[in-house]
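Chemist: got a sequence here, can you model it:
(2 chains)
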Number of protein chains: 2
Amino acid sequence: MTKFMDVHHGMKGITADQLQQAHQADLEIEAEEGVHFEGAWADPESGTVFCLSEGPSAAAVQRIHERTGHKADEIHAIPLSA
Amino acid sequence: MTKFMDVHHGMKGITADQLQQAHQADLEIEAEEGVHFEGAWADPESGTVFCLSEGPSAAAVQRIHERTGHKADEIHAIPLSA
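Modeler: Down below sits the predicted model:
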(Lines give C-alpha, C1' and ligand atoms only; values in the text may rest on other atoms or scores of the structure.)
Protein backbone atom coordinates (compact mmCIF):
# COMPACT_ATOMS: atom_id res chain seq x y z
CA MET A 1 0.00 0.00 0.00
CA THR A 2 1.20 3.47 -0.87
CA LYS A 3 0.06 6.89 0.24
CA PHE A 4 -1.19 9.33 -2.39
CA MET A 5 -1.95 13.04 -2.47
CA ASP A 6 -4.30 14.00 -5.24
CA VAL A 7 -5.08 17.51 -6.37
CA HIS A 8 -8.24 18.86 -8.00
CA HIS A 9 -8.22 22.25 -9.71
CA GLY A 10 -11.14 24.39 -10.88
CA MET A 11 -13.20 24.05 -7.69
CA LYS A 12 -13.56 27.78 -6.97
CA GLY A 13 -16.32 28.52 -4.50
CA ILE A 14 -16.61 24.94 -3.23
CA THR A 15 -18.59 24.87 0.03
CA ALA A 16 -18.07 22.83 3.18
CA ASP A 17 -21.16 20.78 2.32
CA GLN A 18 -19.95 20.05 -1.20
CA LEU A 19 -16.55 18.93 0.08
CA GLN A 20 -18.18 16.75 2.72
CA GLN A 21 -20.55 15.17 0.20
CA ALA A 22 -17.76 14.46 -2.28
CA HIS A 23 -15.57 12.94 0.42
CA GLN A 24 -18.47 10.86 1.75
CA ALA A 25 -19.20 9.52 -1.75
CA ASP A 26 -15.57 8.41 -2.03
CA LEU A 27 -15.68 6.73 1.38
CA GLU A 28 -18.79 4.77 0.45
CA ILE A 29 -17.15 2.94 -2.45
CA GLU A 30 -13.42 3.18 -1.68
CA ALA A 31 -13.22 -0.40 -0.38
CA GLU A 32 -14.10 -1.74 -3.82
CA GLU A 33 -10.64 -0.65 -4.97
CA GLY A 34 -8.81 -1.26 -1.70
CA VAL A 35 -8.41 2.49 -1.21
CA HIS A 36 -8.92 4.58 1.92
CA PHE A 37 -9.30 8.36 1.81
CA GLU A 38 -7.81 9.75 5.01
CA GLY A 39 -8.70 13.40 4.55
CA ALA A 40 -9.68 16.14 2.14
CA TRP A 41 -8.96 19.86 2.31
CA ALA A 42 -10.25 22.68 0.14
CA ASP A 43 -9.09 26.17 -0.78
CA PRO A 44 -12.31 27.68 -2.21
CA GLU A 45 -10.50 30.85 -3.26
CA SER A 46 -8.06 29.24 -5.72
CA GLY A 47 -10.42 26.30 -6.28
CA THR A 48 -7.92 23.65 -5.17
CA VAL A 49 -8.83 20.44 -3.34
CA PHE A 50 -6.26 18.06 -1.82
CA CYS A 51 -7.08 14.45 -0.87
CA LEU A 52 -4.79 12.20 1.15
CA SER A 53 -5.31 8.49 0.60
CA GLU A 54 -3.77 5.07 0.87
CA GLY A 55 -4.22 2.40 -1.75
CA PRO A 56 -2.68 -0.08 -4.14
CA SER A 57 -2.10 2.36 -7.02
CA ALA A 58 -2.80 5.83 -8.36
CA ALA A 59 -5.12 4.21 -10.90
CA ALA A 60 -7.21 2.70 -8.09
CA VAL A 61 -7.51 6.11 -6.41
CA GLN A 62 -8.51 7.69 -9.71
CA ARG A 63 -11.17 5.02 -10.40
CA ILE A 64 -12.93 5.92 -7.14
CA HIS A 65 -12.76 9.64 -7.90
CA GLU A 66 -14.02 9.07 -11.46
CA ARG A 67 -16.96 6.98 -10.29
CA THR A 68 -17.99 9.66 -7.78
CA GLY A 69 -17.78 12.36 -10.44
CA HIS A 70 -14.65 14.25 -9.49
CA LYS A 71 -11.62 13.00 -11.40
CA ALA A 72 -8.33 14.23 -9.94
CA ASP A 73 -6.06 16.46 -12.03
CA GLU A 74 -2.90 15.17 -10.34
CA ILE A 75 -2.23 12.07 -8.27
CA HIS A 76 1.13 11.95 -6.50
CA ALA A 77 2.52 8.84 -4.88
CA ILE A 78 4.00 10.14 -1.61
CA PRO A 79 6.19 7.34 -0.24
CA LEU A 80 8.00 9.81 2.04
CA SER A 81 6.40 11.49 5.04
CA ALA A 82 7.57 13.44 8.08
CA MET B 1 -5.86 30.17 13.14
CA THR B 2 -6.24 28.76 9.67
CA LYS B 3 -5.04 25.57 8.09
CA PHE B 4 -2.70 25.78 5.10
CA MET B 5 -1.42 23.34 2.52
CA ASP B 6 1.77 24.46 0.88
CA VAL B 7 3.36 22.94 -2.17
CA HIS B 8 7.02 22.84 -3.19
CA HIS B 9 8.01 21.93 -6.75
CA GLY B 10 11.41 21.01 -8.15
CA MET B 11 12.33 18.53 -5.40
CA LYS B 12 13.00 15.55 -7.66
CA GLY B 13 14.95 12.81 -5.93
CA ILE B 14 14.32 14.13 -2.41
CA THR B 15 15.19 11.44 0.15
CA ALA B 16 13.45 10.46 3.37
CA ASP B 17 16.33 11.99 5.35
CA GLN B 18 16.16 15.27 3.48
CA LEU B 19 12.40 15.52 4.03
CA GLN B 20 12.81 14.72 7.71
CA GLN B 21 15.59 17.29 8.14
CA ALA B 22 13.62 20.01 6.37
CA HIS B 23 10.52 19.28 8.44
CA GLN B 24 12.54 19.21 11.65
CA ALA B 25 14.10 22.59 10.82
CA ASP B 26 10.61 24.03 10.39
CA LEU B 27 9.43 22.55 13.68
CA GLU B 28 12.36 24.06 15.55
CA ILE B 29 11.43 27.67 14.73
CA GLU B 30 7.72 27.45 13.87
CA ALA B 31 6.60 28.80 17.26
CA GLU B 32 8.29 32.12 16.53
CA GLU B 33 5.55 32.78 13.97
CA GLY B 34 2.73 30.97 15.78
CA VAL B 35 2.76 28.26 13.13
CA HIS B 36 2.57 24.49 13.55
CA PHE B 37 3.53 22.09 10.77
CA GLU B 38 1.35 19.02 11.15
CA GLY B 39 2.86 16.88 8.41
CA ALA B 40 4.92 16.77 5.24
CA TRP B 41 4.72 14.33 2.33
CA ALA B 42 6.99 13.98 -0.68
CA ASP B 43 6.67 12.59 -4.18
CA PRO B 44 10.35 12.22 -5.17
CA GLU B 45 9.44 11.22 -8.72
CA SER B 46 7.64 14.46 -9.69
CA GLY B 47 9.60 16.44 -7.11
CA THR B 48 6.55 17.68 -5.22
CA VAL B 49 6.38 18.23 -1.46
CA PHE B 50 3.17 19.00 0.43
CA CYS B 51 3.13 20.49 3.96
CA LEU B 52 0.03 20.76 6.12
CA SER B 53 0.15 23.48 8.74
CA GLU B 54 -1.88 25.71 11.00
CA GLY B 55 -1.05 29.33 11.63
CA PRO B 56 -2.13 32.96 11.61
CA SER B 57 -1.44 33.64 7.91
CA ALA B 58 0.13 32.30 4.73
CA ALA B 59 2.85 34.92 5.16
CA ALA B 60 3.76 33.49 8.59
CA VAL B 61 4.01 29.98 7.10
CA GLN B 62 6.18 31.30 4.28
CA ARG B 63 8.50 33.15 6.68
CA ILE B 64 9.30 29.88 8.45
CA HIS B 65 9.92 28.07 5.16
CA GLU B 66 12.11 30.92 3.90
CA ARG B 67 14.22 30.99 7.04
CA THR B 68 14.81 27.23 6.81
CA GLY B 69 15.80 27.50 3.16
CA HIS B 70 12.85 26.03 1.35
CA LYS B 71 10.38 28.69 0.26
CA ALA B 72 7.02 27.27 -0.82
CA ASP B 73 5.85 27.73 -4.40
CA GLU B 74 2.18 27.74 -3.42
CA ILE B 75 0.47 28.28 -0.08
CA HIS B 76 -3.24 27.53 0.02
CA ALA B 77 -5.51 28.51 2.88
CA ILE B 78 -7.70 25.44 3.38
CA PRO B 79 -10.56 26.53 5.61
CA LEU B 80 -12.61 23.49 4.55
CA SER B 81 -11.79 19.92 5.52
CA ALA B 82 -13.53 16.55 5.50
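Chemist: sketch out the strands for chain A, chain order is fine.
Modeler: For chain A, applying DSSP state E gives strands covering A:2-8, A:36-43, A:48-55, A:74-77, A:80-81.
Chemist: tilt between the third one and strand A:36-43?
Modeler: Okay, so that is strand A:48-55. With axes from the mean of the first three to the mean of the last three CA atoms, to 10 degrees applied, the angle from strand A:48-55 to strand A:36-43 works out at 170 degrees.
Chemist: which residues sit against strand A:48-55?
Modeler: A:1-9, A:11, A:14, A:19, A:22-23, A:26, A:30, A:33-43, A:61, A:65, A:70, A:72, B:5, B:41, B:50, B:76, B:78 (CB atoms under 8 Å, 6 or more residues apart in numbering or on different chains). No exception for glycine: its C-beta is placed from N, CA and C like everyone else's.
Chemist: likewise the fourth one?
Modeler: For strand A:74-77, the surrounding residues in contact (CB under 8 Å, 6+ apart) are A:2-7, A:58, A:61-62, B:43, B:45-46, B:48, B:50.
Chemist: how does it look with 6 Å?
Modeler: Here strand A:74-77 makes contact (CB atoms under 6 Å, 6 or more residues apart in numbering or on different chains) with A:2, A:4-7, A:58, A:61-62, B:43, B:46, B:48.
Chemist: list only buried entries from the residues you listed.
Modeler: Neighbour-count burial (16 or more other CB atoms under 10 Å in any protein chain shown) applied to the contacts of strand A:74-77 gives A:4-7, A:58, A:61-62, B:43, B:48.
Chemist: and the pLDDT for the closest residue to residue A:43 other than its chain neighbours?
Modeler: Spatial nearest neighbour of residue A:43, chain neighbours left out: residue B:76 (3.8 Å); criterion: CB to CB, 6 or more residues apart in numbering or on different chains. The score at residue B:76 is 98. That number is its pLDDT.
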